[in-house]
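A.B. asks: Pasting the sequence and the predicted coordinates here, then a few questions.
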Amino acid sequence: MDNRRKRKLTFFTIGLIFLLSGVEYAVILPTIWRYLQTLDAAPYFLGFVLSAFSFSGLLTGPLFGHLSDRTQTTKKIILFANCFEIIGNFMYFTGYSKWLLLSSRLVAGIGTGAGSSIFGFLTRSTSPDDRATAFAAVMACRQAGLLIGPAFNIFLRLCDFHLGPFVVNKYTAPGLFMCLLWTLLQVAVILMYWDLPPLEKGKAKKSLTSQRREEVEEDRGLVEEDNDEEKPLMGSQELGGSYGSVVTANDSVVTSNPAGYDSSAASKDTLNHISPAPSPVPPEPHASSSPLKNFSISREFLREEVVVLLAAQFITLFNQTALEAMVTPMTQKYFSYGELENSVMYSLCGVEVIAGFLFVRWLSQRVADRVVLAVGLIICNISGVWCLIFLTNPLGGFSWQLTEFIIGVFLQVLGLPFVAVAQVSLFSKITSEKTQGFSQGVRRSVGGLATILGPLWAGGLTENMYIMMGVMMGLLALLTVMMAFSYNRLVAPATEEQVDDSDNCG
C-alpha cells in the first residue's frame, strides 16, 4: 500500500476518533442528569460528574503528548487510551451508585489524553497554510458526532431489558452502546492507522529547504552554513522573540521579501546578538531523539501571544461548559423537557456547529486566523450580553421564554467554531513544532481545567443566575481587551520576525 493511501486512511481514522468523542458526548449528556436523579444525587453532583471526565484528560494530555514527541508515534498511544474509554463506559453502564458513575467518567476521560498526540501529529503533517483547514475538518467530525448522537439516543431510550445481572434501560444503554463503539474503533485503528514515516514531512519540506538555501546563498545574509534545514533561520528567530523551531511553509516569507528589509543590516545585528553565546538550537538528530532537551516552558508559554490564546481556550470552554451544565436543568424547569426534547435540541445545535465549521474552513483560506478569532469573540460577546439580560430571569409566557432561550443558545453555539479553529491553528504556528505534542497537551489541559471549573461553577449557582452569567460575561470582556492589545502579535512566526527585525534595525 502506497503512502498516499496510508495517509488518507490514517486521517479517516482520526476523523472516526473525533466522531466517536462527539457521539459519546451527545449520547450521555442528555440523560446523565436524570440518571443521577435515579441514584439520589444532589444537583451539584452533576457538575462533579461532568468535571471528572475533563480532570483525567487534563492530567493525561501532556503525558501522552510528550510520549508522542519522544517516539514520533501515535498509534500505540491511541490504542492504549481507547482501552480506558471502553472500561469507563462499561462502568457507566453498570451504574450501581452515583460514585460509580463519577468513577466511570474519570476513567473514560483518560482516553481523551490521546487528543494531544493527534493534534501534534496533525501539526507535523500539515503546512501552516493548510493547518486551519485540517483542524476545522477534524473538529467538524466531532460536531458531526454531536449531531448523530441524539439520533442514537432516540432509539436507546426504548431499551428496557436485562443482560445477565445488568439492567439495560434508557439511562444505562448509552454506556453499553459507547463501550461497543470504542471496541470497534480499536479494530479500525489497528487496520487503518499508520504511524507515517518522517519522509511524509521531509518531502514537503525539501522543496522549501532547497529554495531557501538558494536564496540565502544569493543574499549571503546568514553566515552559518549547515546541512540542518532549519539553521538559516535561527538568527532571525532568536532576534524575533524565540519562537522555537517553527520554520515550516511560512519560511518563504522571510527570504522572499528583500524590499524594505535590509538583509545585511539584519545579518550584522543578528551576528552581534548571537555570537557571544553558543547556539541554543541543538543539531537535528539530538532534537529528534530528545525534543524537550533544550525546551524552556517559560520561553515557550510565557509569551504575550501564547498567553492570549491559552486564555481564549480557557474562557470560551469555561463559558461553554457552564452553559451546557445549566441547560438541562433550565429546560426541565421552564419547559419540562425530557430526554427526547434535549436530544433534539443537541441535534439542532450540532447542525448549526457543523455549518459553522464548514464556513470557518472556507473563511480560514481567505483571511488570517486572528481575523477569524476576532469575529468569534464579537459573536461570543453578543451572546454573553443576551444571556445576561434574558436568561438570568426569563420573562413573559412560554413562547417568549422559549424564544429567548433559543436565541441565546443559537448565538452561543454560533461563535464556537470561529474561536475554536482560530486559536488552535494560531497556537500550533507560534509554538515549537518539535514539541507540538506536549504543547498541544498543555493547551488541552488548560481547556480541561476550564471544562472542570465551568460545570462546577454553573452547578453551584443554578439559583443565582446573575452571578453566574455576570462572571462569564466579565471573563469574555477581559479576553476581548487582551486580544485587542495583542492583536498585532497574533501572527505566524515568520511575519512576526519581520516586524521585530525592522524594529531592531531602526
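C.D. replies: Ah, there it is.
A.B. asks: how far away is residue 168 from residue 176?
C.D. replies: 6 Å (CB to CB, to the nearest Å). Heads up, the C-betas are built off the backbone N, CA and C, glycines and all.
A.B. asks: Touching both of the two, which residues are there?
C.D. replies: Shared contacts of residue 168 and residue 176 (CB atoms under 8 Å, 6 or more residues apart in numbering): residue 93.
A.B. asks: what residue ranges in this protein are flagged as low confidence?
C.D. replies: Within the chain, the ranges that satisfy pLDDT under 70 run 1, 197-298, 339, 462, 493-506.
A.B. asks: Break down the stretch 401-506 of the chain into its helices, ranges please.
C.D. replies: With helices called from DSSP state H, counting those that start in this stretch, the stretch 401-506 of the chain shows them at 436-459, 465-486, 493-505.
A.B. asks: Using a markdown table, lay out those helices together with distance to residue 321 and mean neighbour count.
C.D. replies: Shown next, in a markdown table, are the helices of the stretch 401-506 of the chain (distance: least, CB to CB, whole Å; neighbours: other CB atoms under 10 Å):
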| stretch | distance to residue 321 | mean neighbour count |
| --- | --- | --- |
| helix 436-459 | 3 | 25 |
| helix 465-486 | 11 | 17 |
| helix 493-505 | 32 | 19 |
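A.B. asks: Please produce CSV containing those helices, extended by distance to residue 413.
C.D. replies: Formatted as CSV, the helices of the stretch 401-506 of the chain follow (distance: least, CB to CB, whole Å):
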stretch, distance to residue 413
helix 436-459, 15
helix 465-486, 15
helix 493-505, 32
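A.B. asks: Could you pick out the longest helix of the protein?
C.D. replies: Counting residues, the longest helix found in the chain (DSSP state H) is helix 3-38.
A.B. asks: and residue 313, how many residues sit next to it?
C.D. replies: Residues lying near residue 313 (other CB atoms under 10 Å) number 24.
A.B. asks: how close does it get to residue 450?
C.D. replies: Distance from residue 313 to residue 450, counting by CB to CB: 7 Å.
A.B. asks: now residue 378
C.D. replies: Distance from residue 378 to residue 450, by CB to CB: 20 Å.
A.B. asks: Could you do residue 357 as well?
C.D. replies: The value you get for residue 357 to residue 450, if CB to CB is used, is 20 Å.
A.B. asks: buried ones in stretch 391-399?
C.D. replies: Within stretch 391-399, the residues that count as buried by 16 or more other CB atoms under 10 Å are 391, 394.
A.B. asks: ok, now stretch 63-79?
C.D. replies: For stretch 63-79, a neighbour-count test (16+ other CB under 10 Å) marks 63-70, 72, 74-75, 77-78 as buried.
A.B. asks: ok, of the residues you listed, which one's closest to residue 124?
C.D. replies: residue 72 (8.3 Å; CB to CB).
A.B. asks: Let me see the backbone angles for that closest one.
C.D. replies: Main-chain torsions, residue 72, degrees, to the nearest 10: phi 60, psi 30.
A.B. asks: buried residues in stretch 407-427?
C.D. replies: Residues of stretch 407-427 classed as buried: 408-409, 411-427 (neighbour count, 16+ other CB under 10 Å).
A.B. asks: Convert it to PDB, retaining C-alpha atoms only.
C.D. replies: The C-alpha atoms that make up stretch 407-427 are tabulated as PDB, following Å, rounded to 0.1, in the frame of the first residue of the first chain:
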ATOM      1  CA  ILE A 407     -31.700  32.900  20.500                       C
ATOM      2  CA  GLY A 408     -29.200  32.700  23.400                       C
ATOM      3  CA  VAL A 409     -28.200  29.100  22.600                       C
ATOM      4  CA  PHE A 410     -28.000  29.900  18.900                       C
ATOM      5  CA  LEU A 411     -25.600  32.800  19.500                       C
ATOM      6  CA  GLN A 412     -23.500  30.900  21.900                       C
ATOM      7  CA  VAL A 413     -23.100  27.900  19.500                       C
ATOM      8  CA  LEU A 414     -22.500  30.200  16.500                       C
ATOM      9  CA  GLY A 415     -19.300  31.700  18.000                       C
ATOM     10  CA  LEU A 416     -17.700  28.500  19.000                       C
ATOM     11  CA  PRO A 417     -16.300  27.300  15.600                       C
ATOM     12  CA  PHE A 418     -14.600  30.700  14.900                       C
ATOM     13  CA  VAL A 419     -12.800  30.800  18.300                       C
ATOM     14  CA  ALA A 420     -12.000  27.000  18.400                       C
ATOM     15  CA  VAL A 421     -10.400  26.800  15.000                       C
ATOM     16  CA  ALA A 422      -8.600  30.100  15.100                       C
ATOM     17  CA  GLN A 423      -7.000  29.600  18.500                       C
ATOM     18  CA  VAL A 424      -5.800  26.000  17.900                       C
ATOM     19  CA  SER A 425      -4.400  26.900  14.400                       C
ATOM     20  CA  LEU A 426      -2.500  30.000  15.700                       C
ATOM     21  CA  PHE A 427      -1.300  28.100  18.700                       C
END
